[in-house]
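K.L.:
Need a 3D model of the following:
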Amino acid sequence: MLALRKTMRTADQERKIRYRCEIAKFCNAVEVLPPQKKILFRLYFRYGYSMKNIAVLCKVTEGTISRRLKKIAREVEEVLYGDLGNGAG
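P.N.:
Residues are numbered from 1 along each chain as shown. Below is the predicted model:
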């Protein structure tokens, strides 16, 4: 019984370490963005600004903000996972 608890604790610790590593990778992927993209990313995803409010701040349309956010999300994914699915396989 004691060995099972120790194994469960070890597995939980490993999950926490993997989770922290994934968070660190994600944060690094955001940090390598150019400053304007990083600000837009943070306004929307971190601080919860609406696309409408960001559009007003940036003096562009909501559609422009939506396109920029999608492009930024793709860039972050590429940093995290590489260029998966584009031209491969």
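
K.L.:
longest helix in the protein, by residue count?
P.N.:
Across the chain, the longest stretch assigned as helix under DSSP state H is helix 2-31.

K.L.:
Please report the distance of the residue positioned nearest the centre of the chain from P35.
P.N.:
By Cα atoms, centre = their mean, the chain has its centre lying nearest to F26, at 5.0 Å. According to Cβ to Cβ, to the nearest Å, F26 and P35 sit 18 Å apart. All C-beta atoms are positioned from the backbone trio N, CA, C, and that covers glycine.

K.L.:
next helix or strand past the helix or strand bottoming out on mean pLDDT in the chain?
P.N.:
Ranked by mean pLDDT, DSSP states H and E, the helix or strand of the chain with the weakest confidence is helix 2-31, at a mean of 83. Sequence-wise, the next helix or strand downstream of helix 2-31 (DSSP states H and E) is helix 35-41.

K.L.:
other SSEs contacting that next one?
P.N.:
Judged by 3 or more Cβ pairs under 8 Å, 6 or more residues apart in numbering; DSSP states H and E, helix 35-41 is in contact with helix 2-31, helix 62-81.

K.L.:
Turn these into JSON lines, columns for distance to I39.
P.N.:
Converted to JSON lines, the helices and strands packed on helix 35-41 look like this (distance: least, Cβ to Cβ, whole Å):
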{"stretch": "helix 2-31", "distance to I39": "11"}
{"stretch": "helix 62-81", "distance to I39": "10"}
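
K.L.:
Out of those helices, which one sits most buried?
P.N.:
With neighbours defined as mean count of other Cβ atoms under 10 Å, the helices and strands packed on helix 35-41 peak in mean count at helix 62-81, which reaches a mean of 15.

K.L.:
and the direction of it versus that of helix 2-31, what angle?
P.N.:
Angle, helix 62-81 to helix 2-31, by axes from the mean of the first three to the mean of the last three Cα atoms, to 10 degrees: 130 degrees.

K.L.:
what does stretch 64-74 contact?
P.N.:
Here stretch 64-74 makes contact (Cβ atoms under 8 Å, 6 or more residues apart in numbering) with L33, K37, L40, F41, Y44, M51, I54, A55, C58.

K.L.:
again, only this time at 6 Å
P.N.:
Stretch 64-74 has contacts (Cβ atoms under 6 Å, 6 or more residues apart in numbering) with K37, L40, F41, Y44, M51, I54, A55.
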